[in-house]
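>>> structure here, sequence nowhere to be found:
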């Protein structure tokens, strides 16, 4: 039984849904951000695996782009956390519900 | 083959560890492990440059950012205060939903011809050669010729992110700045008693 | 030359705008200013006389609407005549109004309206196309509405204004459909193009157009059965009655039919309908004139009757005669109204003839003015009315309408009767202004306080007398223009403008024109004599209070209710419309339309409540929602996407 593309994609999916569950369940915004990083990386893994399978480095370039976006996202997300923390004095997502209808 | 399964198990374990920890610091440690395992997987997939990037940028930069923020928020007010959980019963439905979604995805994966064998790094050629797939040279040539536009776009995204961060977190405490806009401050000071008198 | 035409048209508008805008500053100056612009307009029109009265007239294109369709002005013989009357008689009535309205608080507003009316009327007659005509037609209706309701604190005046406006809109719709039909069949709105293609129109279209135009003419010119607004319109100030509801606006229907002579000439059927309606109106107005007690209503019904003559004249194709009657009528009817205005003004707005009497001694000037006007209107020999009325009456015989001829003569006799009835009752016998109302059988409701806005100031008397004195000249002499039949200045003035009617079937005339005139004179004399015997003998004058009381109590219901025209309209149109309105207001609107709106609003609210529950502000909820959506997408692609391969 050799390692096939299916294995990589499945591994990627598992990791992605762990991230999804983390985003929904956790209330600490920092951990939510980390779960989002997990989802990014799951996608990256799939891209790299496809890239390798078909020997095409466009996937690598895309991963590069995703890493950049992830970095920007993390920076902005953490800035928002800091800003909210200054105002609300806590880091609970359930307390930041000012946009309710 | 064996390395893949070892790495896969480690990857999933570290991911689960990350999202289940109570303290964010432990989560960061789990995430670090996850990133390192991922970097190792990249190496097995001939993506040596991306593996390096994974270690340097993610583990080195982004995770450090998390650590700094944790340190910043924890200072002075003790451990993170959590209020009442307003979605107490969401855990089970969320996990069920994600499981179902994963089931659909797995069903889909199993029905498309993805049975392409993915060979190991050594089967392609000597690492480091510009003509070899996944090497730094190969990646660099593609980045600065065919894929120049995405490269420039990344630069732009980073610039926007820097500006946004400065805007969001840089001067978010106006009550501690003095004398920048005396007139507007005076107006708001005048306005407040009127509002209170109206109550 | 075109500058003069433009000035003639726009000066009254400028006057109206200036007076309207600066009324409080102008105060009494509004009167002289308003009069001056109308006289200036008259001067402009007069200076164009020689150019305008030739074959084609003076024209100017104002605006190109769509390429090929232009709005413009055209001053030809017909519109020149109307322009001169509107500005000439109108100017005199402006001067008169300075005196009449002197003590009214809304002095300036009155002159702004009057000037606006003159502008509207000039728009109507000067337009060189049917659309401009309709615009002027609507604007004069609007001006009439303003002026009838000028004393808007009187509920009766407001009701009368509304009634006039609504009935006139009926006429506007008739003209509008005629214009649609004309445009659809000739592809043009200009008179010149329409008349050039008149011969090619199918008979049905021709009749439809002529009748549509006549609906408009009937509404504006108070023809049966659309006449009921005219007596009520006497609620307006007396100068308004003189200018709009006697001299100019109500004769617009005559202008319309004379203007469209090339179409009517081609349609004998439409001509006959017009003539018959005119004849019926003529007789109805005269009969109802007998039964009136309000001096202005007597004159209003006589106006209606005389317009019936004009419409009958132009209807049978005797255009010169009908237009001549308009011409003379403008003078003597203005004269009569202005004379009546002097009386009403002197008696503190008393209009009931039963309360007058013996005014010959108190107001000799008014008496002579009214007497001259009366002699003119009844067609006394050598007065203006006799020429025009005889021409119309004989014109019906010339064109083979024997019944209308007899009706015309009969109406002349009735006219003589009720006009002299008015003269005897108003000017002779004892003064009755101290006699209590009950003794004269005057219902209490007849008195409406008019004098609320009056202060003690009175204008110099000559302001009201001068225009009347000037009008005496044409009242007597205007008809002399037509002496000499077809070679007279009057007939030569129009030349071939009206073309010839195909309705001239030239039967051998049973009597020559001179004999016909003597028949008319005889009948008129009979009318005058009956009036004298009934109201003018010394015995009748001595017992006038009892006589008038008895007459008022014995008035036939048919005459009192004015032949039930108002009741018929109320029964056939107003009540069904009110019932429909009540149904819509009480059932359809609250239970269907409002209910639908309410239910939609409720639905939106309910949906909002549902949607609001989703928007709870918790980030994790949103994330969960997105996850469910993503799961659905994955499911779609996992099943449908793969199955489709």
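Arrived safely. Computed from a predicted model, the values in this text were never measured in an experiment. Numbering: from 1, shown residues only, chains lettered A, B, ... in the order given.
>>> show me the contacts for residue B:26.
residue B:17 (CB atoms under 8 Å, 6 or more residues apart in numbering or on different chains). All C-beta spots, glycine's among them, are computed from the backbone N, C-alpha and C.
>>> wait, does the one helix or strand residue A:32 maps to contact chain B?
In this assignment (DSSP states H and E), residue A:32 forms part of helix A:29-53. Yes. Judged by CB under 8 Å from any CB of the partner chain, helix A:29-53 comes into contact with chain B at A:30-31, A:33-35, A:37-38, A:41, A:44-45, A:48-49, A:51-53.
>>> which one of the residues you listed is nearest residue C:133?
Distances from residue C:133 to those, taken as CB to CB, are shortest for residue A:33 (79.1 Å).
>>> could you report the neighbour count for that closest one?
Residue A:33 has 26 neighbours, counted by other CB atoms under 10 Å in any protein chain shown.
>>> right, and it touches residue A:74 too?
Yes. Checked against CB atoms under 8 Å, the pair residue A:33 and residue A:74 is within contact range at 6.3 Å.
>>> name the residues contacting each of those two.
Common contacts of residue A:33 and residue A:74, defined by CB under 8 Å, 6+ apart, comprise residue B:66.
>>> for residue C:90, which residues are in contact?
By CB under 8 Å, 6+ apart, the contact set of residue C:90 is C:38, C:114, C:118, C:121, C:243, C:247, C:248.
>>> could you dump those residues to TSV with distance to residue C:72, pLDDT and secondary structure?
What follows is those, written out as TSV (distance: CB to CB, whole Å; pLDDT from 0 to 100; DSSP: H, G, I helix; E, B strand; the rest coil):
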residue	distance to residue C:72	pLDDT	secondary structure
C:38	23	94	helix
C:114	26	93	helix
C:118	20	95	helix
C:121	18	94	helix
C:243	27	89	helix
C:247	26	85	helix
C:248	22	88	coil
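>>> got the residues of chain C near chain B?
Residues of chain C lying close to chain B (CB under 8 Å from any CB) are C:618, C:620-621, C:624, C:627-628, C:630-631, C:634-635, C:637-639, C:641-642.
>>> restrict these to contacts with chain A.
Restricting these to those near chain A by CB under 8 Å from any CB leaves C:618, C:620, C:624, C:627, C:630.
>>> what comes up buried for the helix or strand harbouring the fourth one?
Translated: residue C:627. In the assignment (DSSP H and E), residue C:627 maps to helix C:619-636. Judged by neighbour count using 16 or more other CB atoms under 10 Å in any protein chain shown, the buried positions of helix C:619-636 are C:619, C:620, C:621, C:623, C:624, C:627, C:628, C:630, C:631, C:634, C:635.
>>> just the closest of these to chain B, please.
The closest of the buried residues of helix C:619-636 to chain B turns out to be residue C:631 (CB to the nearest CB; 3.7 Å).
>>> now do the closest one against residue C:432, distance only.
Separation of residue C:631 from residue C:432 (CB to CB, to the nearest Å) stands at 102 Å.
>>> leaving out chain neighbours, which residue sits closest to residue C:177?
Spatially, and ignoring its direct neighbours in sequence, residue C:177 is nearest to residue C:212 (4.8 Å; CB to CB, 6 or more residues apart in numbering or on different chains).
>>> again with residue C:245
Spatial nearest neighbour of residue C:245, chain neighbours left out: residue C:233 (5.0 Å); criterion: CB to CB, 6+ apart.
>>> where does that neighbour land in three-state SS?
Secondary structure state of residue C:233, per DSSP: H, G, I helix; E, B strand; the rest coil, is helix.
>>> now the helix or strand that residue C:273 is a member of: mean pLDDT?
Using DSSP H and E, residue C:273 sits within helix C:268-290. Averaging pLDDT along helix C:268-290 gives 92.
>>> name the helices or strands packed onto it?
helix C:203-220, helix C:261-264, helix C:295-316, helix C:402-427, helix C:557-560 (3 or more CB pairs under 8 Å, 6 or more residues apart in numbering or on different chains; DSSP states H and E).
>>> comparing the ones you listed, which comes out most buried?
A comparison of the helices and strands packed on helix C:268-290 by mean neighbour count, using mean count of other CB atoms under 10 Å in any protein chain shown, puts helix C:295-316 on top with a mean of 29.
>>> and the next helix or strand after that helix, what does it pack onto?
For helix C:295-316, the succeeding helix or strand toward the C-terminus, using DSSP H and E, is helix C:319-346. Helices and strands touching helix C:319-346, by 3+ CB pairs under 8 Å, 6+ apart, are helix C:77-100, helix C:238-242, helix C:252-259, helix C:295-316, helix C:364-378, helix C:384-398, helix C:462-477, helix C:489-494.
>>> how far off centre is helix C:319-346?
Relative to the chain's own centre, helix C:319-346 is displaced by 14 Å; criterion: CA atoms, centre = their mean, to the nearest Å.
>>> hmm, who's touching the following helix or strand past it?
As assigned by DSSP H and E, the chain's next helix or strand after helix C:319-346 is helix C:359-362. For helix C:359-362, the external contacting residues (CB under 8 Å, 6+ apart) are C:343, C:346, C:366, C:367, C:426, C:427, C:428, C:431.
>>> try 6 Å
The contact list for helix C:359-362, computed with CB atoms under 6 Å, 6 or more residues apart in numbering or on different chains, reads C:367, C:426, C:427.
>>> quick check: angle from the host helix or strand of residue C:606 to helix C:619-636?
Using DSSP H and E, residue C:606 sits in helix C:594-614. Angle between the axes of helix C:594-614 and helix C:619-636 is 100 degrees (criterion: axes from the mean of the first three to the mean of the last three CA atoms, to 10 degrees).
>>> hang on, the earlier thing: format the buried residues of helix C:619-636 as TSV; extra columns: pLDDT.
What follows is the buried residues of helix C:619-636, written out as TSV (pLDDT from 0 to 100):
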residue	pLDDT
C:619	83
C:620	84
C:621	85
C:623	88
C:624	89
C:627	90
C:628	91
C:630	90
C:631	90
C:634	89
C:635	88
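>>> let's have these in CSV, adding distance to residue C:195.
As requested, those are exported to CSV (distance: CB to CB, whole Å):
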residue, distance to residue C:195
C:619, 80
C:620, 83
C:621, 79
C:623, 81
C:624, 81
C:627, 81
C:628, 78
C:630, 78
C:631, 80
C:634, 80
C:635, 78
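>>> quick one, what contacts residue A:27?
Residue A:27 makes contact with A:92, A:93, A:94 under the criterion CB under 6 Å, 6+ apart.
>>> so where's chain C shaky on pLDDT?
By pLDDT under 70, the weakly predicted segments of chain C are C:1, C:55, C:444-458, C:500-508, C:641-645.
>>> longest helix anywhere in it?
Criterion DSSP state H: the longest helix present in chain C is helix C:155-186.
>>> what residues of it count as buried?
In helix C:155-186, counting by 16+ other CB under 10 Å, buried: C:157-158, C:160-161, C:163-165, C:167-168, C:171-172, C:174-179, C:181-182, C:185-186.
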